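Asks: Okay, sequence plus prediction incoming.
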Amino acid sequence: MDLTLLITYWGIIALLATVPGADWAYLIASGLRGRGTPAVLGMVAGHLAIAVATALGLAALVGAHPWVSVIIGVCGGLVLLKLGASALTGVLEERRGRRTAAEVVAATAAELDSQPAEFRAGTGRVAVQERTVTRPSAVATFVQGASVSLLNPKVYLLFLTLVPQFVSASSPLSDTTQLLVLGLIHVATCAMLYLGVAHGAGALLLSRPRAATAVTAASGLVMIVLGLVVIVEPLLHLG
């Protein structure tokens, strides 16, 4: 394959991957929950599956049956709506947990103040545990990440329209092999970027609880809005 063509392709892929969207929103929300790595692995697995399917003739299937892309779009939108709602629910649970913990601390302090000094100095130490938000398992996060990729119409659009343009007719490799190579370059690029987004967000925001809560809420809203757009868009084209 032509090296210049590959470099041009990689530059375009890297540029497109840095555009924030549903993938970034999901990665940031997962990173703040301590599930960045399984989320990335799931999304990369989804990209890899689409890359292989494209090389094996997915474009012909979608071209012959336009309703396939509609189903993908609607299902992908529903997944984004669910993930966005889950992120917002987690934020609300966290805020309720903090409020409950603060109320317990205040009530405990008031109770201790009414006790004798000896009790407060000795046995009056009370440990208050703040309620924590339940995190999804690593396996569940992996499956969610794969769903975000496998049901994202934008990923299919990229593989079905952009990637084939970089298949060289003069290459000694077959079209299928070239599509696989191009797909692997895309997957590797996304993997590196996604790891940076997921773990960078976690490292930056976990020490700032209020900022982390705000970003998680914003990510949830973004996923909900994009989910609605992804559902409506193919239905409009279908009509």
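Replies: That came in fine, so what should we check first? Numbers count the residues shown, from 1 in each chain.

Asks: can you map out the helices along this structure?
Replies: 3-17, 22-32, 36-55, 58-64, 67-113, 117-121, 138-150, 153-157, 175-205, 209-238 (DSSP state H).

Asks: as a whole number, average confidence for the fourth one?
Replies: For helix 58-64, the per-residue pLDDT values average out at 66.

Asks: Then the longest one?
Replies: Regarding helix 67-113, the rounded mean pLDDT is 64.

Asks: for stretch 217-233, same thing?
Replies: In the prediction, stretch 217-233 has an average pLDDT of 73.

Asks: now swap in stretch 172-186 and tell me
Replies: Averaged over stretch 172-186, pLDDT sits at 89.

Asks: ditto for stretch 25-44
Replies: Averaged across stretch 25-44, the pLDDT comes to 87.

Asks: mind listing what's buried in that stretch?
Replies: The neighbour-count check on stretch 25-44 (16 or more other Cβ atoms under 10 Å) flags 25-33, 35-44 as buried. (Each C-beta comes from the backbone N, C-alpha and C, glycine too.)

Asks: Kindly check the end-to-end length of it for me.
Replies: Chord length of stretch 25-44, first to last residue, is 15 Å (Cα to Cα, to the nearest Å).

Asks: these two touch, right, Thr189 and Trp10?
Replies: Yes. Taking contacts as Cβ atoms under 8 Å, Thr189 lies within contact range of Trp10: 6.7 Å.

Asks: what about the two, which has more around it?
Replies: Between Thr189 and Trp10, Thr189 has the larger neighbour count (other Cβ atoms under 10 Å), namely 19 against 16.

Asks: Can you give me every residue that contacts the more buried one?
Replies: Trp10, Ile13, Ala14, Ala17 (Cβ atoms under 8 Å, 6 or more residues apart in numbering).

Asks: okay, now the third one: neighbour count?
Replies: What it means is Ala14. Residues within reach of Ala14, counting by other Cβ under 10 Å, total 15.

Asks: Look up how far Ala138 lies from Cys190.
Replies: 20 Å (Cβ to Cβ, to the nearest Å).

Asks: Check Asp23 too.
Replies: For Asp23, the distance to Ala138 - Cβ to Cβ - is 19 Å.

Asks: again, but for Thr189
Replies: 24 Å.

Asks: Return the member of the contacts of Thr189 nearest to Leu158.
Replies: Taking Cβ to Cβ as the measure, Leu158 lies nearest Ile13 of these, at 8.2 Å.

Asks: okay, the closest one: pLDDT?
Replies: Note on Ile13: pLDDT of 85.
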